[in-house]
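Asks: Requesting a structural model of the entry that follows:
(2 chains)
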Amino acid sequence: KQEVTQIPAALSVPEGENLVLNCSFTDSAIYNLQWFRQDPGKGLTSLLLIQSSQREQTSGRLNASLDKSSGRSTLYIAASQPGDSATYLCAVTNSGGSNYKLTFGKGTLLTVNP
Amino acid sequence: ETGVTQSPTHLIKTRGQQVTLRCSSQSGHNTVSWYQQALGQGPQFIFQYYREEENGRGNFPPRFSGLQFPNYSSELNVNALELDDSALYLCASSLQTGANEQFFGPGTRLTVL
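Replies: Here you go, the predicted model:
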């Protein structure tokens, strides 16, 4: 059974810092990995999707890397801003028979202080 | 292009009642998935509908049921509500089933008293 863990559970940083969020998964047989952002009580906004054949994806100040063999992904946020404050969720899609569903971690609650 | 929409936004029910939540998929998408997100937890997969048929199901009891309509919109029905059913219910649509990118709606917040 796939399990996804995100560390740390919460992170507070001053504005302007670069930061790294971590995601690990127990079954390396994945098809892709997605990072989402969730504002309090709201839905999920997709940030980056990395296919299993890729090593990283970039969008603006965000960079996500994937090491499938070790079951790890990181989300790097450069020059953080107060507007980046949110919960960041990592989710994987397994390859094989259950490739229709996302398995999520519990998320990292990020607070960027002005 | 219209994104995924869900209704209602908020809902309050009492234990034992039944509830229906609705989702309209993004234009051109034929697959809808439902997730339950309890407070402080990541979303948990409930089930997926592809071309009006249930395509996969998570570890939820039969009192959680769904429908998908010919226009690919979907309903999630929950019977005999329990206090633990209080959660944010998220709908996601995708172009096809399988490992395709899923696009999420804003969610329905269900409170069971």
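Asks: Let me know how buried the closest residue to A:Arg72 other than its chain neighbours is, in neighbour terms.
Replies: Distance criterion CB to CB, 6 or more residues apart in numbering or on different chains; nearest residue to A:Arg72, sequence neighbours excluded, is A:Ser24 at 5.1 Å. C-beta: built from backbone N, CA, C; applies to glycine. Residues near A:Ser24, counting by other CB atoms under 10 Å in any protein chain shown, number 17.
Asks: Just the element for A:Ser24, please.
Replies: Counting by DSSP states H and E, the element that carries A:Ser24 is strand A:19-25.
Asks: Can you list the neighbours in contact with the following helix or strand past that strand?
Replies: Scanning forward in sequence from strand A:19-25 by DSSP H and E, the next helix or strand is strand A:30-38. Contact partners of strand A:30-38, identified using CB atoms under 8 Å, 6 or more residues apart in numbering or on different chains, comprise A:2, A:23, A:25, A:44-52, A:62, A:64, A:66, A:68, A:73, A:75, A:86-95, A:99, A:102, A:107, B:99, B:101-102, B:104.
Asks: 7 Å instead?
Replies: A:44-52, A:64, A:66, A:68, A:73, A:75, A:86-95, A:99, B:99 (CB atoms under 7 Å, 6 or more residues apart in numbering or on different chains).
Asks: Relative to the host helix or strand of B:Leu90, what are the paired strands and their orientations?
Replies: Assigned by DSSP H and E, B:Leu90 falls within strand B:87-94. Take DSSP bridges as the rule and strand B:87-94 pairs in its sheet with strand B:31-37 (antiparallel), strand B:103-104 (antiparallel), strand B:108-112 (antiparallel).
Asks: what angle do that strand and strand A:30-38 make?
Replies: Interaxial angle, strand B:87-94 versus strand A:30-38 (axes from the mean of the first three to the mean of the last three CA atoms, to 10 degrees): 130 degrees.
Asks: Is the residue of chain A found nearest chain B bridged to anything, and to what?
Replies: Distances between chain A and chain B by CB to the nearest CB are smallest at A:Phe104, namely 3.3 Å. Legend: beta-bridge partners of A:Phe104 under DSSP bridges are A:Ala91.
Asks: So for it, what's the pLDDT?
Replies: With respect to pLDDT, A:Phe104 has a value of 97.
Asks: was I right about it contacting A:Val4?
Replies: Yes - taking CB atoms under 7 Å as the definition, A:Phe104 is a contact partner of A:Val4 at 6.1 Å.
Asks: so what sits against both of those two?
Replies: Joint contacts of A:Phe104 and A:Val4 (CB under 7 Å, 6+ apart) are A:Ala91.
Asks: wait, what's in contact with the residue nearest to A:Arg72?
Replies: With CB under 7 Å, 6+ apart, A:Ser24 has these contacts: A:Thr5, A:Gly71, A:Arg72.
Asks: ok, the residues you listed vs B:Phe45, which is closest?
Replies: Ranked by distance to B:Phe45 (CB to CB), the contacts of A:Ser24 are led by A:Thr5 at 17.2 Å.
Asks: and the closest one, how far is that from A:Ser69?
Replies: Applying CB to CB, to the nearest Å, the value for A:Thr5 to A:Ser69 is 17 Å.
Asks: who's more crowded, the two?
Replies: A:Thr5 (14 against 7).
Asks: who in chain B is up against chain A?
Replies: In this structure, chain B approaches chain A at residues B:33, B:41-43, B:45, B:48, B:55-56, B:58, B:90, B:97-99, B:101-107, B:109, judged by CB under 7 Å from any CB of the partner chain.
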